[in-house]
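1. got a predicted model here, sequence first, then my questions.
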Amino acid sequence: MSECPHNAELPRPAPAALSETCLECVEAGTHPVHLRLCLTCGHVGCCDSSPLRHASAHFTESGHPVMRSFEPGEDWRWCFVDQMLL
């Protein structure tokens, strides 16, 4: 996996998840698909396979560059800025 400067700038340790699911999906009455955790603030959002794409929306609104999968057994990361798997 590659490195990017945004990954090195993340807080250590990573922030705790602010929820166990995508709260925006719960509020909208939709079902989240594949949860993502923002590694800057701990926001949990749904992936781009979900109808409302809350993880991407969080990046657009906040500018927080790196998220990781919040699915059991997965630990990959994605940088929205560099469009790269970390």
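-> All right, it came through fine. Numbers count the residues shown, from 1 in each chain.
2. ok, the residue sitting furthest away from the middle of the chain to residue 63 distance?
-> Using Cα atoms, centre = their mean, the residue of the chain lying farthest from its centre is residue 29. It sits 19.9 Å away. To residue 63, residue 29 is 28 Å away according to Cβ to Cβ, to the nearest Å. In this view, the C-beta of every residue, glycine as well, is placed from N, C-alpha and C.
3. can I get the CA coordinates of the worst-scoring helix or strand of the chain on mean pLDDT in PDB?
-> Taking mean pLDDT, DSSP states H and E as the measure, the helix or strand of the chain with the lowest value is helix 5-8, at a mean of 87. Extracted in PDB, the C-alpha atoms of helix 5-8 (Å, rounded to 0.1, in the frame of the first residue of the first chain):
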ATOM      1  CA  PRO A   5       1.400  13.100   3.300                       C
ATOM      2  CA  HIS A   6      -2.100  13.300   4.700                       C
ATOM      3  CA  ASN A   7      -1.800   9.900   6.400                       C
ATOM      4  CA  ALA A   8       1.400  11.000   8.200                       C
END
